[in-house]
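# Can you look at this prediction? I've put the sequence above it.
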Amino acid sequence: MSGESIAAATGDILEVAGLSRNFGAIAAVADLSFKVREGEVKAVIGPNGAGKTTLFDMIAGVTAPSSGRITLAGERIERMPAHKRVDRGIGRTFQTLQIFTEMSVLENVVVGHYPRGHSGWVNALLRLPSGLSEERREREHAMALLERVGLADRANDRAGDLSFGDRKLLELMRALATGPRLLLLDEPAAGLSHAGAERMMEIVAELNADGLSVLLVEHNMRMVMNLSHDILVIGNGRFIAEGTPDAVRTNPDVIAAYLGEDEDA
Ligand SMILES: Nc1ncnc2c1ncn2[C@@H]1O[C@H](COP(=O)(O)OP(=O)(O)OP(=O)(O)O)[C@@H](O)[C@H]1O
């Protein structure tokens with residue numbers, strides 16, 4: 001059986017195997033292996049400098065691995081350019097917002113993005129009529145995404161005029177506009193109020209219930225524990241533990257890794 005058919009048969013959307021990245025003498029990520037199952041929310045947590053951003057950058061195609069394999073739905077992608085990974089179904093949000101402040105809210109969602117055929121969940125979810133022109137379809141799709149997060153009435157406003165919380169939601173919708181099968185969420189709760197974080201959590205939970213697979217990096221432990229089916233804990237680029245929220249929470253190695261950390265649990 002080939003690697004592809006094994007991955008397809010086991011229902012893993014992402015498989016990371018023996019992944020490493022060195023920066024000079026620093027091993028930012030060292031021999032990490034894990035899987036994200038189709039339809040799962042998996043969190044990657046670890047103290048500051050653990051290697052979470054480097055890991056995300058390697059999956060998204062921003063940073064090349066020093067060694068190891070990354071497989072998306074059966075296809076090897078570790079040498080593929082970032083834009084092709086987007087075509088293959090990897091969506092990403094950033095810790096530092098990447099929205100265009102001078103463009104309208106709607107244009108931010110539309111720009112450069114179009115739902116791909118593979119994103120069954122997004123098409124089913126939005127129930128767009130067929131036969132629309134491409135441009136019209138693209139705008140309707142963007143409007144439907146904005147409606148989901150209550151931003152439709154701000155569609156023509158300048159994106160820079162949105163509150164920080166709304167800009168984070170817009171950033172999420174921009175990532176969704178590419179029709180991802182796997183969404184990489186980089187600290188979605190960072191900088192949000194308690195209410196904003198709760199809202200973000202609800203939206204991510206809804207998207208996941210609609211079938212979207214999510215890999216989440218987040219310091220807000222309430223969000224991590226509530227949203228995740230499975231959690232990978234890393235420290236100094238290395239594997240520490242993996243398991244359900246309950247198993248990870250009580251794991252002595254995890255507790256030791258976090259001693260001295262100021263966690264907002
Ligand atoms: N471009 C780079 N050049 C040199 N060292 C780097 C580079 N990027 C990351 N590192 C180092 O790699 C290690 C892992 O960093 P990374 O940012 O991936 O951790 P993190 O878990 O995302 O941290 P945080 O939670 O603080 O965002 C750190 O020691 C960091 O200093």
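Cool, got the structure.
# how much space between the residue nearest in space to the middle of the chain and the ligand?
For the chain, residue 184 is the residue whose C-alpha lies nearest the centre (CA atoms, centre = their mean; 1.5 Å). Taking CB to the nearest ligand atom, to the nearest Å as the measure, residue 184 and the ligand are separated by 13 Å. For glycine as for every other residue, the C-beta is placed from the backbone atoms N, C-alpha and C.
# Also residue 24?
Taking CB to the nearest ligand atom as the measure, residue 24 falls 7 Å from the ligand.
# and that residue, what are its phi and psi?
With angles defined as degrees, to the nearest 10, residue 24 sits at phi 60, psi -120.
# Over to the one 3 residues further on?
Residue 27 adopts backbone torsions of phi -90, psi 90, taken as degrees, to the nearest 10.
# so what's it bridging to?
Under the criterion DSSP bridges, residue 27 forms beta bridges with residue 22.
# pretty sure the residue nearest to the centre of the chain is touching residue 94, no?
No. Checked against CB atoms under 8 Å, the pair residue 184 and residue 94 is beyond contact range at 9.4 Å.
# rewinding a little: who are the contact partners of the residue nearest to the centre of the chain?
Residue 184 sits next to 56, 59, 60, 90, 91, 92, 93, 215, 217 when contact means CB atoms under 8 Å, 6 or more residues apart in numbering.
# Leaving out sequence neighbours, find the closest residue to it.
Distances taken as CB to CB, 6 or more residues apart in numbering put residue 92 closest to residue 184, at 4.3 Å, once the chain neighbours are dropped.
# Return the residues in contact with the one you found.
Per CB under 8 Å, 6+ apart, neighbours of residue 92: 56, 60, 175, 183, 184, 186.
# and if we set it to 10 Å?
Neighbouring residues of residue 92 by CB atoms under 10 Å, 6 or more residues apart in numbering: 56-57, 59-62, 82, 85-86, 98, 171, 174-175, 178, 180, 182-186, 215.
# Got a ChimeraX select line for the buried ones in the residues you listed?
Provided next is the ChimeraX selection string for whichever of the contacts of residue 92 are buried by 16 or more other CB atoms under 10 Å:
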select :56,57,59,60,61,85,86,171,174,175,178,180,182,183,184,185,186,215
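# among the contacts of residue 92, which are in strands?
Members of these lying in strands (criterion: DSSP state E): 182, 183, 184, 185, 186, 215.
# State the distance from the fifth one to residue 92.
Distance, residue 186 to residue 92, using CB to CB, to the nearest Å: 7 Å.
# Please enumerate the shared neighbours of the two.
Counting by CB under 10 Å, 6+ apart, the residues touching both residue 186 and residue 92 are 56, 57, 60, 171, 175, 215.
# hang on, the fifth one packs against residue 89?
It refers to residue 175. No. Using CB atoms under 10 Å, residue 175 is not in contact with residue 89; the gap is 11.7 Å.
# hang on, the earlier thing: okay, the contacts of residue 184 in TSV with distance to the ligand and pLDDT next?
Formatted as TSV, the contacts of residue 184 follow (distance: CB to the nearest ligand atom, whole Å; pLDDT from 0 to 100):
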residue	distance to the ligand	pLDDT
56	8	96
59	12	98
60	13	95
90	18	95
91	19	93
92	14	90
93	14	87
215	13	98
217	7	96
